[in-house]
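S.K.: Sequence plus predicted model, see below.
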Amino acid sequence: MLRNRLYYLLKPYLPWRTRMMLRRWSAQRILRRSADVWPVLDASARVPAHWPGWPDGHDFALVLTHDVEDIGGLHQVRQLAEAEHALGFRSSFNLIPDGPYSVPPELRAWLVEQGFEVGIHDLHHDGHLYSSRQGFRERAQRINQFLASWNAVGFRSGFMHHNLDWLHDLNILYDASTFDTDPLEPQPDGAGTIFPFWAPQRHSPARPDGQPPSASRRYVELPYTLPQDSTLFLLLQHRDPSIWMRKLDWLVERGGMALINVHPDYLDFSGSGRNARQFPASHYLDFLKYVRTRYAGRYWQPLPKDLAAWYRDTCPAPSPVPAPAPSIPEISTPDARPEEDPVGQRACLAGRRAAVILYSYYPSDPRPRRAAEALVEAGMQVDLFCLSEGPHEPAVETVHGVQVFRSQLKRRRDSKLTYFVQYAAFLLASALFLSRRSLAARYHLVHVHNMPDVLVFSALVPKLLGAKVVLDFHDPMPELMTAIYNLSDRHPLVRLLRRLERWSIAFSDLSVTPNIAFRNLFLSRGCPPDKMRIVMNSPEESIFDPSRASQRPPPKPGSPPAFRLMHHGSIVHRHGIDTLVRAVAIARHHIPGLRLDIFGSRTPFLDTVLALTRELDLESCVAYHGPKPQTDIALAILEADLGIVPNRRSPFTELNFPTRLFEYLSLGRPVIAPNTHGIRDYFPENAMCYFEPGDAEDLARQILWIHQHPDEIQARVQRGRDIYQAHLWSQERRRWIHMVHNLFHSAQHRPSLAPEPFSAAPLP
């Protein structure tokens, strides 16, 4: 939420009591909406398949953990450990290795000697551990150094942030950064289980230390299952540990794992009650006494490392999931199962009004057009506000049921300042359009397409009047700007764009994006998982008809045999068309009749490409055909032998998934793609031909291999088409309509777990 972001901006200037007042107000709102999932989520008690039961016939496991967040907590570690020792318990203490305090080696040695465990708590505990994939890789190397020097095997992130896939970069036996259910957390996506489990590994990237991932490097995830102490006693101001005890009774009945996290920082051992930032240590000690007396002989009380080692040895890790299988790669939620969707029929949204805001052209921009027409088919009345390509386009017209309103603002691709001025002008124009029309007849939905992200704030008035707001991320702006202007990751503009992105997501009711890598990027920057969905940019089957794959237009009379390469799309530096031209210069000596056809609007970079063509004496085999409508592009693909996506590597193209891949595969043509994360999320090695981005020689080798191995390449094309078939637009359309339907009906069927403003994170 936007207010949540504003809170953290103002946090350094707000007194602690003021901050707590705001957070308590927010927490009460969350709890009113989450009574069915907190503190108990019944579904989390489902016993895992092949569960062996706890060792020695024990009914449940009790795991005690502590996160030490500041110097005051560090000073109370010994006292807490001694109190637990006196009651016959042992626990783990997670210490920040490079944070607000220095960890004395003698304290770590004393804890281990007394039978306790020492784990790693984040790196700096500053909330930035998962800010970017590259940043995490760098921090992971440092964390691994501390894991080795401390002889530690356990890890927990600060603020319970988590990205289980990235954590495979760490040399750990277990992680404890998740929970069974806790809508009060900043990242409230619960693990949904009260049992340990193997952390999923969707991909198998190279590790920071250069070693490949393997089953021996998998780690066990231990979610906390009892509410955090700071939540109960400081945020919600409970006066006793009764919730812990009631939840424990529930856990025991279901044979689960009772894992608790208590911060030494918040314990008041004096009993004075003078410090509002602490609660009586007796609350925790009374809970331990309750366990010891009520459940004597029934619990197993291992250290986290011992439980994880037992689980590793007793429940072997599943094989790493190949990346990716040809299925819809979405989070397992109702929104992710369009085949079960009862609302994807015509008129299921009848009687509702929608507005679409698009800083682009309509209907030539395919993603907004498909989404808007899907809303019309579902019964909505749709108004769309966009740019005008020129005086030949009417200011107002109806296109396939969508009422289109065109602004006369002009779009120019120029300097950063030009972008800013144009975006600001269109934001103002959109806000006026939505405000005026909302007051006349209110909208139920506002669908805003980025770029820019902040365009979503034009929907303020409709949102205040009750409209749901969907923000559609075609591209992540920070990464795209680094690619366009060659900016560093730490450039002030890039950092500002990240902040605006977070605020924009917080303002929206739902955010959608076209691929896995983009979704994971937004999640890593704090987007709540239940707010980010995927709707892929899939070609329309009516244009890119898979049944036409075997068709090939007859050769023109008198024309020599040719092996035709094709590239279509934006002709810009990041798309690497010059690399493709250089590859053609290499490959033409081995492939008679080699031709390259380029389709796309004229840009300044096209002049660079054509100049290179002349320099390499390729004018006879490289042809530029200008922009073409999608129907003509489909015909050109049928005439081609091979499609090429020659993108350079950049922070943006590393994550991007070009729709052109699906367009070539839909019509049965092989395609060469850059070896980037966003594409590998969908296509394994045996379903795509990859080349190293920017390497013309490697691209030429792939072109030559495809030319020389027609039978083998057809088998690869078929595997690629199978993946495409799992993402047909007919399926993505049903997914999209289902998401919109759920925005209006989900509150009636299930509690919302969306984070509220001033989310109840562990206290600073």
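M.R.: Here it is on my side, so go on. Residues are numbered from 1 along each chain as shown.

S.K.: what's stretch 47-60 in contact with?
M.R.: The contact list for stretch 47-60 (Cβ atoms under 8 Å, 6 or more residues apart in numbering) reads 61, 193, 195, 197, 251-252, 254-258, 295, 298-300, 310, 314-315. To be clear about C-beta, it is placed using only N, CA and C from the backbone, and glycine gets the same treatment.

S.K.: Name only those of those that count as buried.
M.R.: 61, 193, 195, 197, 251-252, 254-258, 295, 299-300, 310, 315 (16 or more other Cβ atoms under 10 Å).

S.K.: hang on, the earlier thing: of the contacts of stretch 47-60, which belong to strands?
M.R.: Residues of the contacts of stretch 47-60 located in strands (DSSP state E): 61, 197, 257-258, 299-300.

S.K.: For these, work out which two are farthest apart.
M.R.: Longest distance between any two of those is 20.2 Å, between 197 and 299; criterion Cβ to Cβ.

S.K.: which stretches of the stretch 151-300 of the chain form helices?
M.R.: Assigned by DSSP state H, counting those that start in this stretch, the stretch 151-300 of the chain shows helices spanning 229, 242-253, 281-294.

S.K.: Now tabulate these in JSON lines and tack on distance to residue 586 and mean pLDDT.
M.R.: Compiled in JSON lines, the helices of the stretch 151-300 of the chain are given as follows (distance: least, Cβ to Cβ, whole Å; pLDDT from 0 to 100):
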{"stretch": "helix 229", "distance to residue 586": "65", "mean pLDDT": "95"}
{"stretch": "helix 242-253", "distance to residue 586": "65", "mean pLDDT": "96"}
{"stretch": "helix 281-294", "distance to residue 586": "70", "mean pLDDT": "96"}
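
S.K.: so which of the ones you listed is the most packed in?
M.R.: Mean neighbours per residue, mean count of other Cβ atoms under 10 Å, is largest over those for helix 229, with a mean of 28.

S.K.: what's that helix in contact with?
M.R.: Helix 229 has contacts (Cβ under 8 Å, 6+ apart) with 260-263, 266, 279, 283-284.

S.K.: residues contacting the residue lying closest to residue 576 once chain neighbours are set aside?
M.R.: Leaving aside its sequence neighbours, residue 576 sits nearest to residue 646 (Cβ to Cβ, 6 or more residues apart in numbering; 4.0 Å). Contact partners of residue 646, counting by Cβ under 8 Å, 6+ apart, are 567, 575-577, 579-580, 583, 672, 674, 699.

S.K.: switch to 6 Å and redo it
M.R.: 576, 579-580 (Cβ atoms under 6 Å, 6 or more residues apart in numbering).

S.K.: What's the separation between residue 734 and residue 637?
M.R.: 26 Å (Cβ to Cβ, to the nearest Å).

S.K.: separation between the nearest residue to residue 317 once chain neighbours are set aside and residue 114?
M.R.: Counting by Cβ to Cβ, 6+ apart, residue 218 is the residue found nearest to residue 317 once chain neighbours are left out, at 4.3 Å. In this structure, residue 218 and residue 114 are 30 Å apart, going by Cβ to Cβ.

S.K.: And residue 227, by the same measure?
M.R.: 27 Å.

S.K.: Of those two, which one has the most company?
M.R.: residue 227 (24 against 13; other Cβ atoms under 10 Å).

S.K.: Surely the more buried one touches residue 31?
M.R.: No. Between residue 227 and residue 31 there is no contact under Cβ atoms under 6 Å: 11.3 Å.

S.K.: where does the most centrally placed residue in the chain land in three-state SS?
M.R.: Nearest to the geometric centre of the chain sits residue 520, at 2.2 Å (Cα atoms, centre = their mean). Following DSSP: H, G, I helix; E, B strand; the rest coil, we place residue 520 in the helix state.

S.K.: So for stretch 445-454, what gets flagged as buried?
M.R.: Applying 16+ other Cβ under 10 Å to stretch 445-454 flags 445-454 as buried.

S.K.: Could you single out the nearest of those residues to residue 169?
M.R.: Scanning the buried residues of stretch 445-454 for proximity to residue 169, where the rule is Cβ to Cβ, the winner is residue 453, at 28.6 Å.

S.K.: per-residue confidence at residue 546?
M.R.: Per-residue pLDDT puts residue 546 at 83.

S.K.: quick one, what contacts it?
M.R.: residue 666.

S.K.: Likewise for residue 446?
M.R.: 355, 459, 462, 467, 469.

S.K.: mind running it again at 8 Å?
M.R.: Contacts of residue 446 by Cβ under 8 Å, 6+ apart are 354-357, 434, 459, 462-463, 467-470.

S.K.: what pLDDT does it get?
M.R.: 98.

S.K.: circling back to that earlier point, in helices, which of the contacts of residue 646 fall?
M.R.: Using DSSP state H, the subset of the contacts of residue 646 located in helices is 579-580.

S.K.: Closest one of the contacts of residue 646 to residue 176?
M.R.: Out of those, the member with the shortest distance to residue 176 (by Cβ to Cβ) is residue 576, at 43.4 Å.

S.K.: tell me the contacts of that closest one?
M.R.: Residues in contact with residue 576 (Cβ under 8 Å, 6+ apart) are 646-648, 674, 693-694.

S.K.: 7 Å - rerun?
M.R.: Neighbour list for residue 576: 646-648, 693-694 [criterion: Cβ atoms under 7 Å, 6 or more residues apart in numbering].

S.K.: Which one of those is nearest to residue 404?
M.R.: The closest of these, once distances to residue 404 are taken by Cβ to Cβ, is residue 647, at 31.6 Å.

S.K.: and the gap between the closest one and residue 681?
M.R.: 15 Å.

S.K.: Of those two, give the one with the bigger neighbour count.
M.R.: Ranked by neighbour count (other Cβ under 10 Å), residue 647 and residue 681 place residue 647 first, with 27 against 20.

S.K.: surely the more buried one meets residue 573?
M.R.: No. Using Cβ atoms under 7 Å as the test, residue 647 is too far from residue 573 to be in contact (10.3 Å).

S.K.: overlap in contacts of the two?
M.R.: Counting by Cβ under 7 Å, 6+ apart, nothing touches both residue 647 and residue 573.

S.K.: Fine, thanks again, bye for now.
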